[in-house]
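Q: pasting a predicted model and its sequence here:
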Amino acid sequence: MPRTLKRVFFSVTVVFSLLVFSCELFNRDFNYVPGERVQFWAYNFFEERDYSLHARLLIEGLYCNVWAELGSGVTIETAQRVADAFDNDIYEQMIDAFSIKNFNFDGRVFPNIMSFASWLVNGDGKLCILLLDIKDSYQRGENETFVGGYFWEGDLRRDVRNSNNRAMIYIDTNPGRPGIEEHNVTLAHEMQHMMNYVTSIVTRREGEGSFNGMDLWINEGLSAAAEWVYLRKHSDRTLSWLNRDPTGLIALGNNFFIWGNRVDEHQNAVLDDYVTVYLFFQWIRLQSNDDDIYRNIIASPHYDYRALTSVFADTSDWETLIRDWLAANYIKSSTGRHGYRNDSDLNSINVHYAPEGLQSINLYPGEGVYSKTPVQMALPSPGVNIRYAGLGTILSNSVPADGALLTYNRNSNIRGTAETGTITGIAASVNAVHSGRFTAEPLYGPFPIGAGDMLRLNGRERSLPYTDFSGFLKGHEKDE
């Protein structure tokens, strides 16, 4: 069975059914001028269907064209701010951090991934940014989650029904606010998703007509990294969420590795995935001491955890990588692998301990928990995938007094099931849990999530199979 691309975030790629597409769009003229009105296709996440809308080209930028849905209220001044942010900051930063440069694809040489993305469709060399009120289930005061933006790979496929035949990203205008910093973060986040998909065509081809997309958690992790690449600072809201654990599930081990696996336990559980994957990819950056680490991950021939272990220094196995990151969140050393180096904000994030009174806990692959140990103790016996480590000022093979027992699931299979591990059940002090910064930052909505997450929360998931891409390319060649 072919693999499918699975994505999401504070926006993300929507995955739809593959259908035969009319040849009418093959000859569409893309030489628009500002003020021109054009029909687009978009997706209604509430009704789960495609729909058409009309938008006007407001700004023609250097690397982008900014369109706004008619009636959205977006002004030329707002569109200019979006174009300026993309042309002057986002584009070059993203190319530098994530793009393969000067690569050969079937005899053609492209300067970067975005130029290749444009070649796949209309060839105008620009990103189409469509500002619209994304139709989702957002209701102020009732449902505070919304789709902040998305990229749909079908727009890069001219053999797909309702493709817009552009390298394009959809950005929300309600409750999203185009032109502000948070909006630009979403744009960078979604651009990585596009670059990731297109890079898969180049580097993860399995043979003629098929390729693998990266596992969802890696794709989302790189998009979380893209936010930092653009901002060069951490979001206060992200730090506050990590410090306060408002769902209570981070203390139970909930993190990014199996994405969205705890939504039945809390309606906002997927937000834990976003913030923990952000933290993990910050640790990867700081520990790698390599400016090209994100580019090396996205360009890896591997689509799973090996994309990280194959490029991360001195770590060739997943168990060591996940253990050392979990240990770093407790030890917080300013040197070495078990901390966040000189980043005081990340080194001050709270430790959330496993509940008191319990002697065991179920952990999914990649999850880990901390439980207090007032006296020195030996490590419990390991399970099939459950492993243990002692945490104090260092990582050790026994648990020190007034330290913590780290219980974690080393399984590298994202489709793996939960396994039971031992914890101490001893309560942590209040001060130990609430000493971090940003604990007073309000955590009110609206909360942006990915398009794929919105679909999954509604019990649906649509997919484009990674097949028959060679047929699409042959059709492209005939059109040249």
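A: That came through fine.

Q: distance-wise, check the residue nearest to the spatial centre of the chain relative to Tyr274.
A: The residue lying closest to the centre of the chain (Cα atoms, centre = their mean) is Glu220, at 1.6 Å. Distance of Glu220 to Tyr274, computed by Cβ to Cβ, to the nearest Å: 7 Å. From N, CA and C alone the C-beta is placed, and that goes for glycine too.

Q: in this structure, where's the longest helix?
A: Using DSSP state H, we find that the single longest helix of the chain is helix 181-203.

Q: tell me the helices and strands packed up against it.
A: helix 76-85, helix 91-98, strand 103-105, helix 113-120, strand 149-150, strand 168-172, helix 216-231, helix 293-298 (3 or more Cβ pairs under 8 Å, 6 or more residues apart in numbering; DSSP states H and E).

Q: any idea which of those is most buried?
A: Mean neighbour count, computed with mean count of other Cβ atoms under 10 Å, is highest for strand 149-150 among the helices and strands packed on helix 181-203, reaching a mean of 28.

Q: okay, now the sheet partners of it, with direction.
A: Here strand 149-150 has these sheet partners by DSSP bridges: strand 168-172 (antiparallel).

Q: ok, residues contacting the partner strand?
A: Applying Cβ atoms under 8 Å, 6 or more residues apart in numbering, the contact partners of strand 168-172 are 11, 42, 82, 127-134, 146-152, 155, 178, 183, 186-187, 190-191, 194, 448.

Q: so for it, mean pLDDT?
A: In this model, strand 168-172 carries a mean pLDDT of 95.

Q: just want the angle from it to helix 76-85.
A: Inter-element angle recorded for strand 168-172 and helix 76-85: 130 degrees (by axes from the mean of the first three to the mean of the last three Cα atoms, to 10 degrees).

Q: and strand 168-172, how far out from the chain's middle?
A: 16 Å (Cα atoms, centre = their mean, to the nearest Å).

Q: got it, and stretch 404-421?
A: Relative to the chain's own centre, stretch 404-421 is displaced by 22 Å; criterion: Cα atoms, centre = their mean.

Q: my guess is Val399 contacts Pro380, does it?
A: No: counting by Cβ atoms under 8 Å, Val399 stays clear of Pro380, with 9.6 Å between them.

Q: shouldn't Glu319 be in contact with Tyr388?
A: No: the criterion here is Cβ under 8 Å, and Glu319 misses it with Tyr388 at 12.0 Å.

Q: so these two - more neighbours on which side?
A: Between Glu319 and Tyr388, counted using other Cβ atoms under 10 Å, the more crowded position is Tyr388 (22 against 16).

Q: for the more buried one, which three-state class applies?
A: Assigned by DSSP: H, G, I helix; E, B strand; the rest coil, the conformation of Tyr388 is strand.

Q: for it, which non-adjacent residue is closest in space?
A: Using Cβ to Cβ, 6 or more residues apart in numbering and skipping the chain neighbours, the partner closest in space to Tyr388 is Leu379 (4.3 Å).

Q: between the two ends of stretch 353-365, how far is it?
A: Stretch 353-365 has an end-to-end distance of 18 Å (Cα to Cα, to the nearest Å).

Q: element containing Leu406, please.
A: strand 403-409 (DSSP states H and E).

Q: that strand: how far from the chain's middle?
A: Between the centre of strand 403-409 and the centre of its chain there are 27 Å (Cα atoms, centre = their mean).

Q: one more: stretch 93-112?
A: Offset of stretch 93-112 from its chain centre (Cα atoms, centre = their mean): 21 Å.

Q: can you check stretch 226-238 too?
A: Relative to its chain's centre, stretch 226-238 lies at 13 Å (Cα atoms, centre = their mean).

Q: for that stretch, which outside residues touch it?
A: Applying Cβ under 8 Å, 6+ apart, the external contacts of stretch 226-238 come out as 89-90, 93-94, 97-98, 181, 184-185, 188-189, 191-192, 274-275, 278, 282, 285, 294, 345-346, 438, 441, 443.

Q: for stretch 415-434, same thing?
A: Residues lying outside stretch 415-434 but in contact with it, judged by Cβ under 8 Å, 6+ apart, are 243, 258, 350-365, 369, 371-374, 377, 380, 383-386, 388, 405, 407-409, 411.

Q: now, which of the residues you listed lie within strands?
A: 360-363, 369, 371-373, 377, 386, 388, 405, 407-409 (DSSP state E).

Q: about what we covered before: burial measure for the residue nearest to Tyr388, as a count.
A: A count of nearby residues for Leu379, using other Cβ under 10 Å, gives 17.

Q: you'd agree it is up against Gly390?
A: Yes: proximity of Leu379 to Gly390 meets the contact threshold set by Cβ under 8 Å, at 6.5 Å.

Q: what is in contact with the two at once?
A: Taking Cβ under 8 Å, 6+ apart as the contact rule, Leu379 and Gly390 both touch 397-399, 405.

Q: now the buried members of the residues you listed.
A: Taking 16 or more other Cβ atoms under 10 Å as the criterion, what is buried in those is 399, 405.

Q: okay, and which of the shared contacts of Leu379 and Gly390 map to helices?
A: Among those, no member falls in helices (DSSP H).

Q: dump the shared contacts of Leu379 and Gly390 to JSON lines, plus pLDDT and distance to Leu70.
A: Below are those laid out as JSON lines (pLDDT from 0 to 100; distance: Cβ to Cβ, whole Å):
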{"residue": "Asn397", "pLDDT": "95", "distance to Leu70": "65"}
{"residue": "Ser398", "pLDDT": "94", "distance to Leu70": "67"}
{"residue": "Val399", "pLDDT": "95", "distance to Leu70": "63"}
{"residue": "Leu405", "pLDDT": "98", "distance to Leu70": "59"}
